[in-house]
Structures are given as structure tokens and as C-alpha cells.
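Asks: return atomic coordinates for the entry below.
(chains A and B)
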Number of protein chains: 2
Amino acid sequence: MIKVALMGHGVVGSGVAQLLEEKTESLAQKAGEPLYCAKILDLRDFPQTPYADRFTKRVEDILEDSSIRIVVEAMGGLHPAYEYVKACLGQGKSVVTSNKELVAEKGAQLLALAKEKNVNFFFEASVGGGIPIIRPMHLCLAANRIDEIDGILNGTTNFILTKMIQDHMEFSDALALAQQLGYAEKNPDADVDGIDACRKICILASLAFGKHVYPKEVYTEGIRGITLEDVSYAQRAGYAVKLIGKAKRLPNGKNEVLVSPAWVPFSNQLSRVDDVFNGVLLRADATGDVMFYGKGAGKLPTASAVVADIVHIAKSSQTSQSLTWKDSNADTVAPLSEYRHAFYYRLRGAVSQEKIAEGWGMVQNLDRPGRPTDEVAFVTGVLSEQQAIECERRMGKDVQILGKIRLLG
Amino acid sequence: MIKVALMGHGVVGSGVAQLLEEKTESLAQKAGEPLYCAKILDLRDFPQTPYADRFTKRVEDILEDSSIRIVVEAMGGLHPAYEYVKACLGQGKSVVTSNKELVAEKGAQLLALAKEKNVNFFFEASVGGGIPIIRPMHLCLAANRIDEIDGILNGTTNFILTKMIQDHMEFSDALALAQQLGYAEKNPDADVDGIDACRKICILASLAFGKHVYPKEVYTEGIRGITLEDVSYAQRAGYAVKLIGKAKRLPNGKNEVLVSPAWVPFSNQLSRVDDVFNGVLLRADATGDVMFYGKGAGKLPTASAVVADIVHIAKSSQTSQSLTWKDSNADTVAPLSEYRHAFYYRLRGAVSQEKIAEGWGMVQNLDRPGRPTDEVAFVTGVLSEQQAIECERRMGKDVQILGKIRLLG
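Replies: Below is the predicted model:
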């Protein structure tokens, strides 16, 4: 029997406990031995659960129990999760986490410690909830160099954008609906401002590039600024507006990593990933484009990813030596100003076609029903972020920028 | 150093040799040791390749070389692939294959032999080319019961159907174009008649249900009968016509497994999988719907899946005990007559609404531009295959069935 401990009995942790209880037999078959949830750390009591007797409020009860081989961290947040995980690895226990903040901020350190102690640190559930993504990238695409990752990594913002596109709801109404349905939290900042998506693209980028990409290095723009006018122009031109986490190898050896709303062409599979679903598109040198799609959040989807990590550890006598990345230097992420895309612009003011052509070069003009006569919208050619800003400056003070969204190439 | 041998230097085999040559360093890092292609079995000579000196025409040169730990079977066909793979496993060598016919017909036997000899028999490349699907199903969804699989598993037929839908090409013209572009073979039967898709759904169903599903047990219908009229009705009603391999657990403990054209609603992600791409949608009890999408064929995508299997074997001292299924009994696949779906029908003749209502019960009438007055098209409610045939009989001899396509629920 393999003893497992849980740290945190919230949404994910309780889902893990439930799956370990309900699927005892099939998991034992897959893991080679029965898995038993021996201890659960939580400050609250849960007298109604079938494992009410196994709760503890002391982390030492897990750390000091040498019979516990695998610990699940599902507390969320950086502290004390980081200290607890470090202590578990230090005690020679493998750790499985669903905590994207922890992996995005401390992944390189914890992976190094796991290697030193010859145990595993797994985090399939930290990106894409129940969608298999970390393990397929690491194991199934082992013969590939991953050149680009484009992901719809946050279900809440994807739900809001889908409502804006399909039902023409304003951002604020769509957010209120998401909150009402339990998809968005009362304080929705981490979702709406792209912070959650940023952590996830950092994890995928670190794995793809072999060097840790930290959230603070990544330009992150959320969806608060998206208007129904932007969505309308996009639809008529054959694009869906999505919040995209992007990581891409650049010719100079550095990498582009950013989170921002993007116009995604209808020909791209990601444009069809709607509602609370997530999708991750990988561009790999041998395999070409591969996409993974599914529910990026939720109790049982996320818990099932955690349990898959537990099963993997349980059935291997060896630790994974290859699921790892190095700490990064200043050269991993290129500065935003160097990134190159086409842009969508919506301007108001006395601006002539000549002036736009002078600024941006060749552009594709856009229209929408009800466009005011003093509104101009267009898509530029491919420019650097720096060039785009210079073009904006050239427009002068009479011209107001109402909308600016990157295009996914 | 881990020595690998290849059997077959065709499209896939040469791709594997190429990746092992070109990616020596990164593969060594991932596998923990260098991988070296020591022998290649082929009846032809390839004097231009950088490994021209390693070709052999005698399988014994591989079988009797105890330094070769892993053998790749990329010959295709059942014989002598089956005999060679059996001999390799018997010699204690792990085998990786891209041969879907071999796995679909002999999987249970070869997996049992591999287990007995304590070696691996891996086949990621046999379904979905470069798309990770076997390993994610087996490892990442370990905490799930897979209840249903719906797959677009054949790129050739998907290309033909896409041309029919998007460019209104007739089947024969679309097939000719596919042949011209190298997507279809001169003899296209295995693709067009669903035989290739059948082998792949058999492999996925065997893995999901834990019991071998044999191609001969699976009702298989290809796309030769699909007309532009069928496609036109489907589009207007919000469906795409796709060749779907389907496997589904039934309430009676048996399973529905079939290959047939299907109307796929636009709300289903599979309806958006176009051209030569493949997509596999899994319905899992904890994770919900998950889809994998990518190129289902091609030299390097398929070869990269083979190489991922090689890397997995190379870096594990243990063999996989859980990637396996039992041989099947007569109870695994339910008879076609019990399967239940809605159907699309297109009829010609003197048939009144009353007569249709009498036969099929509640139906949804369909229209298309240019519909002749003696043509009637409709979608039925959910019926068993048996009931559908009884309804057809009730129509009498004056009514001709021009089209009949299942709906994907």
C-alpha cells in the first residue's frame, strides 16, 4: 500500500480525496498497489467526510510520518505552500501540486531539490486542469523542439469573451454573469487581469525552453479594455478575440513570452475554443501543430490530473530525471519592444488615410455596422512593439487610440 | 549507449532514422543515454543515407544481436511484421511499432508476450500519427473511466469531406485531388472504405475498455456514398459530415464500436477538425471532454511518436505493466442492431408527411436550395439501428432511400 497525504482540503484537495476513496480498485490496478489517503492537513474540520478521522492541523504529522511517500499540495498561494513543499521534498517525499503560483515562482528551485533528494515533483494539474499537457509535452513530444506555444489558459476570461462575441454582452455584464455562475471569483483580478494565464504560460514556457521563465519577466495584459466595438470589427474580419498566453523562440536565441488579448483567425483551432474551455496549441518541429482541449478548471478534472501524477509516482521505482528546467538568466525572455506582430487599431479623431499610411505603411481597413464617421479601424502589417508605439506618436494629440489588440500570427 | 534496430525503411522508418541521426544530443539528454540506430532491415539498399553501412536483409542480424535492446517495426502489414515482432519480444527486446493493422489484429497477444518477457510493446504512432493519444489516455487519464471516444482518425477521408463541404467538390473529384497531392494512395480503399479508421478505433477502444476489440467485430462504413446533397442538407442544419470512429460503453456492459460517416453538430469541436488533420474526443468520467488534435500522418510526425516511445523505454529500467488489455470474448462489442442514434434520411418518391410520421415518429424536416419536389429529407429522433430499418421497410417499394447518415449525439 502506498500512503498519500493531502495538504489542503479545498476544491481540488477534496476532489483528490474523493477520487482516491471512490476509485480504490481501478487505481490500485493502475498503480500496481493500493493508494491510501493517510492524512489530510487543513485548519478546518470536515466531520461529514468518510475520512474525517484523518484530518490534522499540524504539518509535522505529515512531515514526520516516514510511511507517507507522496504528498499532494493543494493549498494554493505561495506561503506556506512553498515552505511545506520544500520540507516534504527535503524529507524524501515526492510532491504533486496543482498550485500554478508555486510552480511559476519556485519551479526551478523545487525541481532541483527533488532531483537532489531523488524524488519527484509533479504538477500536471497546474496548467489546463484536467487536460493532459505537461506529461504529453515532456514524454510524447520528446523527439521535438517546441518552437511556439499559444494557449487559452484561463476559463473565466474565455467565458467572458465568448459571451461578448456570441451574445453581444458588455464586459461588465459578462463578468457579472461569470460571477453568478461561479466561474469568476468575487475579486476577479487574477483572472481578468491575466495573472492566472501568466503563471500558466510561464510553466509551459519553462518546460519548453528548459529555463525558468518568471511571471515578473512577462508582459501581461488582461481583458478589461476589450469593447464590443473591438469584438465586432474582429468578427467581420474573420477573427475571434481571445486572451492568449504566448511563448515563442526568437531567432536571436531569446524568447517571446507574453499574455495579452489577441485576434485569432477563424482558421486557427484556438478561435473555436469557447466558454470555460481551455486549449493549448503547440508548434513542434517534427510533429507540427498539436492542440489539447478540455476543461481547464473544476474540482474533478483538476483532481484527476493530480491523481494521475500520484499513480505515475506510485508505479515507478525510478524518479523522473528529465522533467526539469534550469534557473534562468536575464537572457531567457526578450524585452516586449522586440516582439513582432500585426496590430488592430481603432482610432478616433481627424485622421486621414494618408496620415495612417504615412504612419503604419500598408494597412487593411475595417468596417462595422454603426461605425461613427470619426472612427477609423485597421489592421497593420507585422511591426515590432517599438515601431507600433512610434507610429502612434506620429498620429499627434488630436487622434485618440480607442482600441489596440495584437494579432496571433 | 542504447542500441536500436529498425525493421522497414519506408516513410516512417526513414523518418525514425533521420530523427535519431539529427537529434542525437537532445535525445541523449532526454533518454539519459545516447540512442544509436545499429541495424536497419530492408530488402532495398539505401547507399545515399549516412547510415548506409547498417542495412541488412536478414532479420536474424537483429534477432541474434543481444546488444540491441529496442526494435522499431515500421514495415506495415500483418505478415511478416507479426512474426518478426513476436520473435523480437521472444528474444527479450522491447518493440515500438507504428503498424495499426498489427496492433488492431494482434495487440492482446503481443502485449501478453511482452509482459511475459518483461519487455515493452509500445504503439503511440499507430493512432493519430504525431498526436499524443495512447500515452495521455493511459497515463494522464489514469483516474478516469473513458466512457466514449469519437475520433476523426483518417486524414485522407477528412481531406475529401472538407473539399466536399468547403469547395462543393464531388466525391470523385475530391478523391482525385487527394491522390494528386499525395494524401491518398492509388488504391484508396483502406482509407475511403473506413478500414484504416476501423483499425485505429479498435486500438483506442481496446485500451479504454481493457478488452481487445477486433476489426472484424466492428461495423465499418466508408464515405463513398456521401453526396453533395447530403453535405448541403447537413450544413444548412448546422452539421459537418465527418467519418467518425466511435466507441462507447453501453448500459448493458457491452460496447458500441463502429466506423461510419456522421453528422457532427457545429457545437462539437470535431466539426472544426478539417483537411488532413485528425481529432480524438474522449469523454472521461472525472475530466469530462478532452480533445487531442494534430496531423494524423506524415513522415516526421509519425516518426516523432515512435521516437518518443523509444525514449520512454530507454529511460525506464522498469517495463510498463499497465499499458495492456485482455483478449476479448463475444460480449465486448454489442451487435449493430442495438446501437441508438438519430438518423438523417433523404428519400425520393411518393411519400407524404403522414407516412413519414407514421414510420419514424417525430422528425425534423430539412431543406436545401434546389431540392426537387419529389425529394424529402429529415432528421429522426433517437432510434435503434433495428428500428430504423423497420421504418425503412414500412415506406414500401415506391420510396427510394438516397441518403442515410447517423448523427453524432
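Asks: tell me which helix or strand comes right after the helix or strand containing A:Y82.
Replies: Element membership for A:Y82 (DSSP states H and E) is helix A:81-90. Downstream of helix A:81-90, the first helix or strand assigned by DSSP H and E is strand A:94-97.
Asks: in the sheet, which strands lie alongside that following strand, parallel or antiparallel?
Replies: Counting by DSSP bridges, the strands paired with strand A:94-97 are strand A:68-73 (parallel), strand A:121-122 (parallel).
Asks: what parts of the stretch 151-300 of chain A come near chain B?
Replies: Applying Cβ under 8 Å from any Cβ of the partner chain, we find that the stretch 151-300 of chain A lies next to chain B at A:269, A:272-273, A:284, A:286-295, A:298, A:300. No exception for glycine: its C-beta is placed from N, CA and C like everyone else's.
Asks: try the stretch 301-409 of chain A
Replies: Counting by Cβ under 8 Å from any Cβ, the stretch 301-409 of chain A comes close to chain B at A:301, A:303-305, A:307-308, A:311-312, A:315-318, A:321-322.
Asks: can you select the buried ones among the residues you listed for me in PyMOL?
Replies: Filtering those down to the buried ones (16 or more other Cβ atoms under 10 Å in any protein chain shown) takes a single PyMOL command:
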select buried, chain A and resi 301+303+304+305+307+308+311+312+315+316
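Asks: can you give me the distance of A:S337 to A:W325?
Replies: To A:W325, A:S337 is 26 Å away according to Cβ to Cβ, to the nearest Å.
Asks: ramachandran coordinates for A:M291?
Replies: phi -120, psi 140 (degrees, to the nearest 10).
Asks: what are the ranges of the strands in the stretch 101-250 of chain A?
Replies: Listed in chain order, the strands of the stretch 101-250 of chain A (DSSP state E, counting those that start in this stretch) span residues A:121-122, A:146-152, A:219-220, A:239-249.
Asks: quick one, which of those is packed in tightest?
Replies: Sort the strands of the stretch 101-250 of chain A by mean neighbour count, taking mean count of other Cβ atoms under 10 Å in any protein chain shown, and strand A:121-122 sits at the top with a mean of 28.
Asks: quick one: contacts of that strand?
Replies: Strand A:121-122 has contacts (Cβ atoms under 8 Å, 6 or more residues apart in numbering or on different chains) with A:85, A:89, A:94-97, A:110-111, A:113-114, A:134, A:309, A:312-313, A:320, A:323.
Asks: hang on, isn't A:A108 packed against A:L207?
Replies: No: using Cβ atoms under 8 Å as the test, A:A108 is too far from A:L207 to be in contact (11.1 Å).
Asks: which one of the two has more residues nearby?
Replies: A:L207 (25 against 19; other Cβ atoms under 10 Å in any protein chain shown).
Asks: ok, the more buried one touching A:L282?
Replies: No: A:L207 lies out of contact with A:L282 (Cβ under 8 Å); the separation is 10.7 Å.
Asks: what sits in contact with each of the two?
Replies: A:M137.
Asks: list the buried residues in the lowest-mean-pLDDT helix or strand in chain A.
Replies: Ranked by mean pLDDT, DSSP states H and E, the helix or strand of chain A with the weakest confidence is helix A:353-360, at a mean of 82. Residues of helix A:353-360 classed as buried by neighbour count (16+ other Cβ under 10 Å): A:355-356, A:359-360.
Asks: now the two most distant members of those residues.
Replies: A:K355 and A:W360 (9.6 Å; Cβ to Cβ).
Asks: domain assignment for chain A?
Replies: For chain A, automatic domain parsing gives the domain ranges A:2-130+A:299-315, A:143-294, A:337-407.
Asks: of those, which shows the lowest average pLDDT?
Replies: Mean pLDDT is lowest for domain A:337-407 out of the domains of chain A, coming in at a mean of 91.
Asks: would you map the helices across the stretch 201-350 of chain A?
Replies: Secondary structure of the stretch 201-350 of chain A by DSSP state H, counting those that start in this stretch: the helices cover A:228-237, A:299-315.
Asks: and the gap between A:I68 and chain B?
Replies: Using Cβ to the nearest Cβ, to the nearest Å, A:I68 is found at 20 Å from chain B.
Asks: before we move on, the earlier item: overlap of the contact sets of A:A108 and A:L207?
Replies: Both A:A108 and A:L207 are contacted by A:W325, under the criterion Cβ under 8 Å, 6+ apart.
Asks: export the helices of the stretch 201-350 of chain A to CSV and tack on distance to A:E73?
Replies: Formatted as CSV, these follow (distance: least, Cβ to Cβ, whole Å):
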stretch, distance to A:E73
helix A:228-237, 39
helix A:299-315, 9
